[in-house]
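turn this into a structure:
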Amino acid sequence: MKLKCTVRYRNDAKGLQYKAGDEFEVDAATRLYLMTDAPGCFEDVKVKAATAPKKNKAVRKPRVKK
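Numbers count the residues shown, from 1 in each chain. Predicted coordinates for the structure are as follows:
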């Protein structure tokens, strides 16, 4: 899961420190802790789905021998 820090967050007891705008990967337990400890400081980042590359129109179709 990926989170984004919206404002500065610091937790000396857990050794966590994030600046506004930081995006980082967290496991489910850490996400639950951060969202419970400071719900206004973090938001989920939606991951875009991968798309297929555009077709190369410069490539010719193979010729079939008759």
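
can you give me the helices for this structure?
In the chain, the helices defined using DSSP state H lie at 28-37.

point to the residue nearest the middle of it.
Taking Cα atoms, centre = their mean, the centroid of the chain lies closest to Lys2, which sits 4.4 Å from it.

my guess is that residue meets Lys48, correct?
No - counting by Cβ atoms under 8 Å, Lys2 stays clear of Lys48, with 11.4 Å between them. All C-beta spots, glycine's among them, are computed from the backbone N, C-alpha and C.

the strands in this structure, which residues?
2-5, 9-11, 16-18, 23-25, 42-44 (DSSP state E).

what's the closest of those to Lys61?
strand 2-5 (41.7 Å; Cβ to Cβ).

in the closest one, what's buried?
3, 5 (16 or more other Cβ atoms under 10 Å).

and Val47, what does it touch?
Going by Cβ atoms under 8 Å, 6 or more residues apart in numbering, Val47 touches Lys2.

for it, phi and psi?
phi -90, psi 130 (degrees, to the nearest 10).

so how far is Asn11 from it?
25 Å (Cβ to Cβ, to the nearest Å).

ok, back up a step: who wins for proximity to Arg31 among the strands of the chain?
That would be, of the strands of the chain and by Cβ to Cβ, strand 2-5, which comes in at 6.3 Å.

any idea of the mean pLDDT for that closest one?
For strand 2-5, the mean per-residue pLDDT is 92.

also stretch 11-20?
92.

for that stretch, which outside residues touch it?
With Cβ under 8 Å, 6+ apart, stretch 11-20 has contacts from 5-10, 24, 33-34, 37, 41.
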